[in-house]
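**Student:** take a look and give me a structure for this.
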Amino acid sequence: MKLTTRGHYSVKALLDLSLQPDGAPTSVKAIASRQDLPAPYLEKLLIAMRQAGLVKSIRGVQGGYQLARSPSQISLGQILEAVGETLEPLPHHIPDADRTEDWVAFTLWNRLHQKLKEALYSISLEDLYYDARSWQAARGEETSFVV
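**Tutor:** Next up, the predicted model:
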C-alpha cells in the first residue's frame, strides 16, 4: 500500500493537533502554515475526519479543530479510512477456478492484506508522535516538529 497525499496530509494534520497544549483548538490556517499544506485541501480532509469522529470543530474567534479523543485512541487505520484511503488488495480480482496458482496467489494477498490492516489499526497517533519525537531527539533537534 502506498500512502497517498491525502493520507500523508491527514496524518500530518492530526499529529499537529496532538501537539497543541491541553488539546486547544487550532485553525486550519495555522496547521497548514506549520505543516506546509494547502489550507483548502486540508479543510476538506478535516471535515472528513470530523465526520468520522476523529476531530471536533469549535466555532468562534478562538475556534478551530481539536482531537475528538486521546491520541492513544486514534489509529493510523482510522485516519486513513476516514479520508477514503483504500486498504483493499486486488480490487475486482476474481481468481481463475481452473488455476491452482491463481488461488494460492489470491489467498496469499488476502492474508497479507489482513496483516497490513491489523498493523494499521494497531499503530496509534500517540505511537507516531513518540516515534517522531525520538527521531528528533536522536538527531539532537528541538522537540517541536513538522512531520
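**Student:** you'd agree L76 is up against D131?
**Tutor:** No. Using C-beta atoms under 8 Å as the test, L76 is too far from D131 to be in contact (11.2 Å). For every residue, glycine as well, the C-beta is placed using N, CA and C.
**Student:** the two: which has the busier surroundings?
**Tutor:** L76 (22 against 11; other C-beta atoms under 10 Å).
**Student:** quick one: low-confidence parts of the chain?
**Tutor:** For the chain, residues meeting the criterion pLDDT under 70 lie at 1-3, 88-93, 141-147.
**Student:** can you check which helix is longest in this structure?
**Tutor:** What stands out as the longest helix in the chain, according to DSSP state H, is helix 100-122.
**Student:** any idea which element Q78 lies in?
**Tutor:** Per DSSP states H and E, Q78 falls inside helix 76-82.
**Student:** what's the answer for I31, then?
**Tutor:** Residue-wise, I31 maps onto helix 28-35 under DSSP H and E.
**Student:** contacts for the helix or strand harbouring L45 next, please.
**Tutor:** Here L45 sits within helix 39-51, counting by DSSP H and E. Helix 39-51 is contacted from outside by 6, 9-10, 13-14, 28-29, 31-32, 55-57, 65, 68, 79, 82-84, using C-beta atoms under 8 Å, 6 or more residues apart in numbering.
**Student:** 7 Å instead, please
**Tutor:** 6, 9-10, 13, 28-29, 31-32, 55-57, 65, 82-83 (C-beta atoms under 7 Å, 6 or more residues apart in numbering).
**Student:** in the longest helix of the chain, what counts as buried?
**Tutor:** The neighbour-count check on helix 100-122 (16 or more other C-beta atoms under 10 Å) flags F106, K117, L120 as buried.
**Student:** dump the helix holding L45 to PDB, restricted to CA.
**Tutor:** Output in PDB follows, covering the C-alpha atoms of helix 39-51 (Å, rounded to 0.1, in the frame of the first residue of the first chain):
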ATOM      1  CA  ALA A  39      -5.400  25.100   3.500                       C
ATOM      2  CA  PRO A  40      -8.400  24.500   1.300                       C
ATOM      3  CA  TYR A  41      -7.500  20.800   0.800                       C
ATOM      4  CA  LEU A  42      -6.600  20.400   4.500                       C
ATOM      5  CA  GLU A  43     -10.100  21.800   5.300                       C
ATOM      6  CA  LYS A  44     -11.800  19.100   3.200                       C
ATOM      7  CA  LEU A  45      -9.700  16.400   5.000                       C
ATOM      8  CA  LEU A  46     -10.500  17.800   8.400                       C
ATOM      9  CA  ILE A  47     -14.200  17.800   7.600                       C
ATOM     10  CA  ALA A  48     -14.000  14.100   6.600                       C
ATOM     11  CA  MET A  49     -12.100  13.300   9.800                       C
ATOM     12  CA  ARG A  50     -14.800  15.200  11.800                       C
ATOM     13  CA  GLN A  51     -17.500  13.200  10.200                       C
END
